[in-house]
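Peer 1: structure, please.
(one chain, ligands or ions: 1)
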Amino acid sequence: MTVRDLIDRALRHAALALGGKADVVARGPGRVNLIGEHTDYNSGLALPFAIGQATVVAVRERTDDLVIVSSDQFNEPVRLRLDQIRPGQVPGWAAYPLGALWGLLGAGVPRDRWRGFEASFVSDVPSGAGLSSSAAIECALLVALDHLWGLGLDSAALAAAGQRGENDVAGAPTGVLDQTAVLNGRREHAVLVDARSGDVELVPLRLACAGLVLAVVDTGVSHAHSTGGYAARRASCERAAAQLGMESLRELGVEDLAAASAQLGAEDARRVRHVVGENARVLETVNALGVGDLDRMGGLMTASHVSLRDDFEVSCSELDLAVEASLAAGALGARMTGGGFGGSAIALVREADLEAVETAVRSAFDRRGFGPPRVFSVQPEDGAAVVIPADSR
Ligand code: GLA
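Peer 2: Residues are numbered from 1 along each chain as shown. I've put the predicted structure just below:
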């Protein structure tokens, strides 16, 4: 769906859902992560980009203290008073947008600056697919409110607000990767995220010029990071860092691994090996992109998958199969993307091989008795922004 189509759909939905015309409309894209997985909460490095699939929110101010959020994907709107928005009080999917609102408290926006509003959401980011449908919702609303309330927050403050809401209100102990990618994305660029310094650097990524596409294979296996596996991996990394007397695993280089592993249990040592190796692979990928060595980049993606599968143990049979089938059909590299336990894989593919890769993945899934995957290609697009500002009414 084009941005224009999605905005039109949002305006149609808003006309039904809101008590009148929208005051502001904003877009928040999904993201894929090229490489750098489970590094963000270890103060590490990642290289995601924002994609064309997005959430669009239409917001209308109210004169009372009610907040009403609705979505074309969920039947019942959620209505709460502003003073009810806090951890433990927000039901279901509304925890993402209203968690982001709550997260603004930590960005220095006190409750007396909040005003009642209605927000209606439409989205073509598949949910539970590892493409950050939740960060798309959070960031679309955050940029809309930032604009409407004249907050003047920078992208780091908005990203932190989204992450805080996700952690405390939605109960998912995630890092800041998704919001940072969604807010900082730029057409034809990947976003190099340094979660320790907070620095964000745009890295040119013109796949089409090199005759390449990035294919996404949505396995249809839905995941949620508010349940066990993600939190257990994070706890393992934090335990290892504490045992090694470090603030975070970012302090370790590949050359320190042997000595560090000797001080850790076997499982924690494997988790650490993934994180440290993955940080190094992110930097190598940036170097490979710099010299246009896309074969090297593909190899690094595949190495990342192997590490996530064997050392970090966050892959699943469907993701492994998507990667294997893509590689066998000629992909330059392939890996799971996002937190894992389901969701999507990505494959770096020559345009001419795209059809063969898609067919190979589909028939491999069919042979194994897995449900049909969704396969589509993505490219780096612009990050979250207001698309119809308040003063254009
Ligand atoms: C999810 C989280 C991110 C990050 C990735 C794994 O997408 O939301 O913060 O930890 O998993 O890299």
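
Peer 1: count of neighbours near Asp310?
Peer 2: 12 (other C-beta atoms under 10 Å). No exception for glycine: its C-beta is placed from N, CA and C like everyone else's.

Peer 1: wait, what's in contact with it?
Peer 2: Arg270 (C-beta atoms under 8 Å, 6 or more residues apart in numbering).

Peer 1: again with Thr55
Peer 2: Arg27, Gly28, Pro29, Gly30, Phe121, Val122, Ser123, Val125, Ser133, Ala136, Ile137, Ala140.

Peer 1: cool, His147 as well?
Peer 2: Taking C-beta under 8 Å, 6+ apart as the test, what His147 contacts is Val24, Ala26, Val386, Pro389, Ala390.

Peer 1: neighbours of the residue of the stretch 201-350 of the chain found nearest the ligand, how many?
Peer 2: Here the stretch 201-350 of the chain gets closest to the ligand at one residue, Gly339, 3.0 Å apart by C-beta to the nearest ligand atom. Using other C-beta under 10 Å, Gly339 has 25 other residues around it.

Peer 1: who in the chain is up against the ligand?
Peer 2: Glu37, His38, Asp40, Tyr41, Thr174, Gly175, Leu177, Asp178, His225, Gly338, Gly339 (C-beta under 6 Å from any ligand atom).

Peer 1: ok but the second one is inside a helix, no?
Peer 2: Translated: His38. No - His38 sits outside any helix when classified using DSSP: H, G, I helix; E, B strand; the rest coil, being coil.

Peer 1: isn't it right up against Val276?
Peer 2: No - under the criterion of C-beta atoms under 8 Å, His38 is not in contact with Val276, lying 11.4 Å apart.

Peer 1: sheet partners, orientation included, of the lengthiest strand in the chain?
Peer 2: Counting by DSSP state E, the longest strand found in the chain is strand 48-61. Looking at strand 48-61 with DSSP bridges, its partner strands are strand 24-33 (antiparallel), strand 117-123 (antiparallel).

Peer 1: for Val357, find the nearest of those strands.
Peer 2: Val357 lies closest, by C-beta to C-beta, to one member of those: strand 24-33, at 15.9 Å.

Peer 1: what lies in contact with whatever helix or strand comes next after the closest one?
Peer 2: Later in the chain than strand 24-33, the nearest helix or strand by DSSP states H and E is strand 45-46. Outside of strand 45-46, the residues within contact range by C-beta under 8 Å, 6+ apart are 33, 35-37, 39-40, 177, 181, 192-195, 278-279, 282-283.

Peer 1: buried set for stretch 286-296?
Peer 2: Val286, Ala288, Leu289, Leu294, Arg296 (16 or more other C-beta atoms under 10 Å).

Peer 1: what about Ser59, how many neighbours?
Peer 2: Not quite, residue 59 is Val, not Ser. For Val59, using other C-beta under 10 Å, the count is 25.

Peer 1: contacting residues for it?
Peer 2: Ala22, Asp23, Val24, Val25, Ala26, Phe117, Glu118, Ala119, Leu141, Ala144, Leu145, Leu148 are the contacts of Val59 under C-beta under 8 Å, 6+ apart.

Peer 1: partner residues bridging it?
Peer 2: Beta-bridge partners of Val59, as defined by DSSP bridges: Val24, Ala119.

Peer 1: pLDDT at it, what is it?
Peer 2: Per-residue pLDDT puts Val59 at 96.

Peer 1: do Ser226 as well
Peer 2: Reported pLDDT for Ser226: 58.

Peer 1: quick one: which of the contacts of His147 is nearest the ligand?
Peer 2: Ala26 (20.6 Å).

Peer 1: right, and that closest one touches Glu138 too?
Peer 2: No - between Ala26 and Glu138 there is no contact under C-beta under 8 Å: 11.4 Å.

Peer 1: neighbour-wise, which of these two wins?
Peer 2: Shown here are Ala26 and Glu138; by other C-beta under 10 Å, Glu138 has more neighbours (35 against 29).

Peer 1: report the inter-axis angle for the one helix or strand the more buried one maps to versus strand 117-123.
Peer 2: Taking DSSP H and E as the criterion, Glu138 maps to helix 133-148. If you take axes from the mean of the first three to the mean of the last three C-alpha atoms, to 10 degrees, helix 133-148 sits at 140 degrees to strand 117-123.

Peer 1: buried stuff in stretch 343-356?
Peer 2: Gly343, Ser344, Ala345, Ile346, Ala347, Leu348, Val349, Arg350, Asp353, Leu354, Ala356.

Peer 1: how far off centre is it?
Peer 2: 20 Å (C-alpha atoms, centre = their mean, to the nearest Å).

Peer 1: tell me the mean pLDDT over it?
Peer 2: Mean predicted lDDT for stretch 343-356 stands at 97.

Peer 1: next one: stretch 195-211
Peer 2: Rounded mean pLDDT across stretch 195-211 is 96.

Peer 1: cool, stretch 297-305 as well?
Peer 2: 98.

Peer 1: contacts for that stretch, please.
Peer 2: So stretch 297-305 is contacted by 34-35, 37, 277-278, 281, 284-285, 288-289, 315, 319, 323, 327, 331-336, 345-346, 348 (C-beta under 8 Å, 6+ apart).
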